[in-house]
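S.K.: fold the following for me, if possible:
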Amino acid sequence: MLSNHLEDYEVLSILGEDTSSSCYKVKSKVTNDVYIWRAISCEDMSKEEIKSLLNKITHYQESEKSYSLNLKGHIHQKDPNIIYLITEYCSRGSLMDIIKYCQKNTKRICENFMWKLLYQLSCILKTISVEDVNKIHCGNTFVDSDDKIKIFTFEVKETQFNELLEPKVVLGHLVLSLCTLETDVKKQNCENMCNKILDNFSNELIEIISFILRKQTRSDEVVNAILCHPTVLLKSSKPPINKNFYEDIYQSKEKYDSKTIETKHNENVISERENFYNEKIRLQIENIKNRETYLKNQEQKLMEKEFELKRREKKVALLEKLSAEKYSRAELYLKTAKENRTSKVTVKDENVEIHNATDASFSADCGDTSILPTSSKFDLNKFKKPPAFTRTFSERHVRFKGHSPLKEKEYNRKGILRNSFMRESKHETNSSSEVVSWCTLSSESNSEKSLKFEGKEKKKSLFPSLTSKRKSFLKEKLPRSNSEEFKETGGDFSKTEVRPISWTEDSKKQAFELLKIMNSVKDKENIPIRHTKL
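M.R.: Have a look, this model is predicted:
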């Protein structure tokens with residue numbers, strides 16, 4: 001979108017002036033694109049005329065064709081009252097500018113451009129309206145950088161023509177103006193002008209110009225004949241010989257007949273082939289350069305790998321040197337170690353048995369009937385007697401038959417009381433004897449049948465205060481004799497129902513004291529600990 005402010009454009013040069021407008025070459029400060037300003041003064045116009053002019057500009061901008069000069073937009077400056085039309089820029093200018101340049105520099109237009117101009121103008125005249133045909137002249141016909149023809153038929157005030165010209169006449173006048181470099185061709189005799197250009201252009205071009213200016217032919221026939229003419233089609237499709245489409249007027253005058261045209265055509269074909277092969281050679285050279293660059297990169301990589309290998313070789317050589325030094329040190333160490341091992345004094349091992357050479361007369365074949373000894377008695381003198389096995393005090397483990405008294409468990413109080421009374425009665429009956437019997441209670445049952453007695457001969461002096469301590473313990477734990485529960489049972493402790501008790505700190509301490517008394521036997525060796533129930 002173009003800007004609508006004058007400050008966004010920079011004026012590069014003034015192109016010219018006509019009766020109704022001035023042209024300026026400007027550059028956009030935003031996009032750096034080059035455009036043409038056409039200034040239209042509106043000081044003498046009323047508001048209605050200005051409004052109709054703006055509507056006309058909008059209508060022309062919307063109805064643009066491919067052959068018309070593009071109208072990009074407009075800027076309305078109110079003080080002073082000027083309208084600037086922004087159009088596209090054609091680098092070669094108008095046909096009028098080309099004619100003036102050739103007149104000033106003694107140049108003439110190349111014939112190849114004349115064939116292109118002839119074909120393009122014929123296409124435009126076939127599609128344009130009759131009113132716009134009469135507006136075409138050298139001043140509003142432009143040429144862009146691609147040698148394409150653009151016309152600008154916008155006018156502020158409509159021109160009134162006395163008579164309308166035919167399209168073929170307009171076409172002939174434009175071509176003659178470029179060939180003769182004269183701007184006013186309408187008033188002169190066209191036949192005389194054709195005779196002037198005989199020395200500068202080919203017969204084919206002159207014949208076509210004469211065919212256009214004939215009075216007997218109609219405009220539509222002329223236009224169709226040009227568009228279908230093979231020479232016009234062939235010449236207009238070729239690129240120009242000179243990119244500037246200007247030639248020196250004073251160069252050798254060469255008549256462009258059919259032979260010359262054929263020769264130039266062959267030259268063009270040769271030049272096209274040369275261009276093709278040159279392009280091919282250029283691509284090959286570029287490919288070779290790319291391969292050369294690739295090979296240089298590979299060479300650089302190989303050099304880096306070579307440098308790395310040399311570095312590794314130095315490292316390996318250093319390691320080999322170090323390993324050789326370590327090997328020599330190891331050999332020296334082995335020699336010194338062997339010398340230390342070989343001593344003159346040797347100790348004979350008495351346990352080593354010397355085996356004589358085996359008798360090889362015996363054979364293991366099937367036919368051998370010799371009898372070999374297979375077994376013999378042990379010689380006790382050859383074997384050492386093992387030392388006596390003694391268990392240290394730290395290796396003695398305390399084991400309880402049944403439940404350990406150190407663990408909390410609900411015991412049957414009746415069984416405990418009954419067994420304790422039985423042990424007391426047994427001890428009193430056997431107090432005079434030297435054998436002391438201990439009663440153990442198995443964990444399988446609490447009945448009287450499960451009681452087992454084991455006796456060991458011990459001296460009475462081993463447990464002097466055991467009975468009194470047990471009695472004091474039972475008196476503390478048993479219910480008193482004057483309790484109602486004890487009276488109802490008739491003094492039988494077995495019939496009393498005592499609640500199960502749990503171990504306390506005092507009871508545990510008293511149990512350990514009893515065990516300490518039981519295990520305080522002197523000179524006891526490999527004898528298991530006696531067990532009891534509290």
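
S.K.: domains of this structure?
M.R.: Using automatic domain parsing, the domains assigned to the chain come out as 6-88, 95-256, 273-328, 405-518.

S.K.: am I right that residue 76 is in a strand?
M.R.: Yes. Counting by DSSP: H, G, I helix; E, B strand; the rest coil, residue 76 is located in a strand.

S.K.: what sits against it?
M.R.: 54, 82, 83 (Cβ atoms under 8 Å, 6 or more residues apart in numbering). Heads up, the C-betas are built off the backbone N, CA and C, glycines and all.

S.K.: could you find the closest non-adjacent residue to residue 147?
M.R.: Counting by Cβ to Cβ, 6 or more residues apart in numbering, residue 147 lies nearest to residue 116, which is 5.8 Å off, once chain neighbours are set aside.

S.K.: meant to ask about residue 121
M.R.: residue 171 (5.4 Å).

S.K.: wait, that neighbour sits on residue 211?
M.R.: No. Counting by Cβ atoms under 8 Å, residue 171 does not reach residue 211; the two are 11.0 Å apart.

S.K.: shared neighbours of the two, which are they?
M.R.: Counting by Cβ under 8 Å, 6+ apart, the shared contacts of residue 171 and residue 211 are residue 222.

S.K.: those two - which one has more neighbours?
M.R.: Legend: neighbour count by other Cβ atoms under 10 Å for residue 171 and residue 211, higher for residue 171 (26 against 16).

S.K.: in a strand, the more buried one, correct?
M.R.: No. According to three-state DSSP, residue 171 belongs to no strand; its state is helix.

S.K.: who touches it in this structure?
M.R.: So residue 171 contacts 118, 121, 122, 125, 212, 222, 223 (Cβ under 8 Å, 6+ apart).

S.K.: and which of those is nearest residue 325?
M.R.: Among the contacts of residue 171, residue 118 lies closest to residue 325 (Cβ to Cβ), at 99.7 Å.

S.K.: could you identify the helix or strand that succeeds the strand or helix carrying the closest one?
M.R.: Assessed by DSSP states H and E, residue 118 sits inside helix 111-127. Heading C-terminal from helix 111-127, the first helix or strand you meet, by DSSP H and E, is helix 130-133.

S.K.: which of the residues in that following helix are classified as buried?
M.R.: Within helix 130-133, the residues scored as buried using 16 or more other Cβ atoms under 10 Å are residue 133.

S.K.: what's it packed up against?
M.R.: Here helix 130-133 touches no other helix or strand, going by 3 or more Cβ pairs under 8 Å, 6 or more residues apart in numbering; DSSP states H and E.

S.K.: not counting it itself, show me its contacts.
M.R.: So helix 130-133 is contacted by 125, 151, 153, 164, 165, 167, 170 (Cβ under 8 Å, 6+ apart).

S.K.: taking the residues you listed together, which two end up most distant?
M.R.: By the measure Cβ to Cβ, 151 and 164 form the most distant pair in the contacts of helix 130-133, at 17.1 Å.

S.K.: more neighbours: which of these two?
M.R.: Shown here are residue 151 and residue 164; by other Cβ under 10 Å, residue 151 has more neighbours (20 against 10).

S.K.: quick one, what contacts the more buried one?
M.R.: Taking Cβ under 8 Å, 6+ apart, we find residue 151 in contact with 67, 68, 69, 124, 132, 136, 140, 141, 142.

S.K.: output the below-cut-off pLDDT ranges for the stretch 51-200 of the chain.
M.R.: Counting by pLDDT under 70, the stretch 51-200 of the chain contains low-confidence ranges at 158-163, 185-196, 198-199.

S.K.: switch the cut-off to 80
M.R.: 61-67, 70, 77-81, 91, 129-134, 137, 145-146, 153-166, 182-200 (pLDDT under 80).

S.K.: mind listing the strands for it?
M.R.: Taking DSSP state E, counting those that start in this stretch as the test, the strands found in the stretch 51-200 of the chain are 71-77, 82-88, 107-109, 141-143, 149-151.

S.K.: give me the buried positions along the first one.
M.R.: When you say that, I think you mean strand 71-77. Neighbour-count burial for strand 71-77 flags 71, 73, 74, 75 (criterion: 16+ other Cβ under 10 Å).

S.K.: how much space between the residue lying closest to residue 178 once chain neighbours are set aside and residue 383?
M.R.: Once flanking residues are discounted, residue 178 sits nearest to residue 109: 5.4 Å by Cβ to Cβ, 6+ apart. Taking Cβ to Cβ, to the nearest Å as the measure, residue 109 falls 138 Å from residue 383.

S.K.: how about the helices in this structure?
M.R.: Assigned by DSSP state H, the helices in the chain fall at 47-62, 95-105, 111-127, 130-133, 167-180, 190-196, 203-212, 219-228, 230-236, 258-341, 413-429, 466-477, 484-488, 505-518.

S.K.: let's have the ones you listed in TSV, adding distance to residue 3.
M.R.: TSV is the format used below for the helices of the chain (distance: least, Cβ to Cβ, whole Å):
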stretch	distance to residue 3
helix 47-62	16
helix 95-105	28
helix 111-127	32
helix 130-133	30
helix 167-180	36
helix 190-196	47
helix 203-212	45
helix 219-228	42
helix 230-236	39
helix 258-341	42
helix 413-429	116
helix 466-477	118
helix 484-488	122
helix 505-518	106
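
S.K.: out of the ones you listed, deepest packed?
M.R.: Highest mean neighbour count among the helices of the chain (mean count of other Cβ atoms under 10 Å): helix 167-180, with a mean of 22.
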